[in-house]
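# everything below, folded, please.
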Amino acid sequence: MWHIHVFRCVGERDSPRWSRQDRVDPVRALEQVAFELERAGEPSYRVRAFRKAAEVIAAVPVDRVAHMVRMGTLTKLPGIGKSTAGVIANAVRGEPISYLEKAAQTAGPDLSGGAALRASLRGDCHTHSDWSDGGSPPDVMARAARDLGHEWIALTDHSPRLTVANGLTAERLHRQLDVVAEVNASMAPFRVLTGIEVDILLDGSLDQSPDLLDRLDVVVASVHSKLRMPAVEMTPRLLAAVANPHVTVLGHCTGRLVTGRGRPESEFDAEAVFAACRDHNVAVEINSRPERLDPPLRLLRLAADLGCLFAIDTDAHAPGQLTWQPLGCARAEQVGITADRVINTWPADELLAWSRRR
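Numbers count the residues shown, from 1 in each chain. Model prediction:
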């Protein structure tokens, strides 16, 4: 049988590639194509085709795959189409992976900035898996993060009321904690921190029980509903969430979207909210998703001037999106935020000790 691998990075830390001399099994090749498409922000249906093909081929004996390549019958396997069959055939024959070269050249976000700060990061406080609206299992996300040079990531799938994102009920979150323990046992010393992206409800309370939140390592609190409520209502909503002792990070605080049709910023008293983050030891997230880039620079500068701590996160919903941190790092450097004020430059134990002291 083939074994599913997440790529091992070659070259620049945030631009994973295989060297041209590498010979890779077809599962690795398919996974890498998917990764490159994710990095470029390509539609999820395209990515799923390659990840599904990787799962199919991983279950087929090596000799049978080689025979099907010779006979040109790969597309008879369920989930294998013309493009994925071409990647498999190239890999089995030891040829350059033509689709991989094409995928690697797909225009994506400019990740050239923020190199100095990115080199200091040890982890990512905001990631999603297929337990909510992500595209890959926790172990695949973990291996991708490890191969990008991280020491840890926090798995922060959505909370129950965000049904459109398959938010985790308390029961499902309990089960996920067991899965994370298994991943950590197999990947040590790399570590997956338990967590959640919990919805901030209209009154500022959090969409999960306090007892369960108390068990988690990282709690990212974010607004996903009624983003256009007046500032006179949004401000106390955010202040109540920030004051909650379970909250570690205030996620994408304005909720804006800057690509496509876009979405305007939520209105709130930013000085009051950021001062509360400082006073309650809650990190302000610098969200690195290309469509978010939240908060905007004027608010990021205000939070920095007020003395806040920060978390530079990808909000990744797929392994390839874990490469997006340089976008946040570049913006942090632009307003003078240094590594000592970024909580994901800390080792996991230091981060957890700080969070628990709150």
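
# residues in contact with Asp199?
Counting by CB atoms under 8 Å, 6 or more residues apart in numbering, Asp199 touches 158-159, 161-162, 167, 206-207, 221-225. All C-beta spots, glycine's among them, are computed from the backbone N, C-alpha and C.

# in helices, which of these fall?
Among the contacts of Asp199, no member falls in helices (DSSP state H).

# buried ones among these?
With neighbours counted by 16 or more other CB atoms under 10 Å, the contacts of Asp199 contain buried members at 158-159, 162, 167, 206-207, 221-224.

# nearest to Leu302 among those residues?
Nearest to Leu302 out of the buried ones among the contacts of Asp199 is Val223 (CB to CB; 18.4 Å).

# on that earlier part again, now the buried ones among the contacts of Asp199 as a markdown table including distance to Phe268 and pLDDT?
Below are these laid out as a markdown table (distance: CB to CB, whole Å; pLDDT from 0 to 100):
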| residue | distance to Phe268 | pLDDT |
| --- | --- | --- |
| His158 | 22 | 98 |
| Ser159 | 21 | 98 |
| Leu162 | 20 | 95 |
| Gly167 | 24 | 96 |
| Leu206 | 17 | 98 |
| Asp207 | 19 | 98 |
| Ala221 | 14 | 98 |
| Ser222 | 13 | 98 |
| Val223 | 9 | 98 |
| His224 | 15 | 97 |
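
# what is the nearest of those to Gly251?
For these, the nearest to Gly251 is Ser222 (3.4 Å; CB to CB).

# let me have the buried ones among the contacts of Asp199 in CSV, adding distance to Leu239 as columns.
CSV is the format used below for the buried ones among the contacts of Asp199 (distance: CB to CB, whole Å):
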residue, distance to Leu239
His158, 23
Ser159, 20
Leu162, 22
Gly167, 24
Leu206, 13
Asp207, 17
Ala221, 12
Ser222, 15
Val223, 12
His224, 18
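
# including distance to Ile337, could the contacts of Asp199 go into CSV?
Output for those, formatted as CSV (distance: CB to CB, whole Å):
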residue, distance to Ile337
His158, 27
Ser159, 28
Arg161, 32
Leu162, 29
Gly167, 31
Leu206, 27
Asp207, 29
Ala221, 21
Ser222, 20
Val223, 23
His224, 26
Ser225, 29
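
# packing partners of the worst-scoring helix or strand of the chain on mean pLDDT?
Within the chain, confidence by mean pLDDT, DSSP states H and E is lowest for helix 98-104 among all helices and strands, at a mean of 80. Where contact means 3 or more CB pairs under 8 Å, 6 or more residues apart in numbering; DSSP states H and E, helix 98-104 is packed against helix 26-39, helix 82-93.

# of all those, which one is nearest Ile200?
helix 26-39 (27.7 Å).

# quick one: low-confidence ranges for this protein?
Of all residues in the chain, those with pLDDT under 70 make up the ranges 1-24, 107.

# could you dump the helices and strands packed on helix 98-104 into CSV with distance to Ala115 and mean neighbour count added?
Below are the helices and strands packed on helix 98-104 laid out as CSV (distance: least, CB to CB, whole Å; neighbours: other CB atoms under 10 Å):
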stretch, distance to Ala115, mean neighbour count
helix 26-39, 17, 27
helix 82-93, 31, 20
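
# beta-bridge partners for the residue nearest the centre of the chain, please?
Central residue of the chain (CA atoms, centre = their mean): Ala316, 2.1 Å from the mean position. Beta-bridge partners of Ala316, counted by DSSP bridges, are Thr127.

# how near is it to Gly262?
21 Å (CB to CB, to the nearest Å).

# so where do the helices sit in the stretch 251-358 of the chain?
Taking DSSP state H, counting those that start in this stretch as the criterion, the stretch 251-358 of the chain carries its helices at 270-279, 297-305, 325-334, 348-357.

# out of the helices and strands packed on helix 98-104, which comes closest to Val183?
Of all the helices and strands packed on helix 98-104, helix 26-39 comes closest under CB to CB, at 17.3 Å.

# that closest one vs helix 82-93, what angle?
130 degrees (axes from the mean of the first three to the mean of the last three CA atoms, to 10 degrees).

# can you list the helices and strands that helix 26-39 packs against?
Going by 3+ CB pairs under 8 Å, 6+ apart, helix 26-39 lies up against helix 44-58, helix 82-93, helix 98-104.
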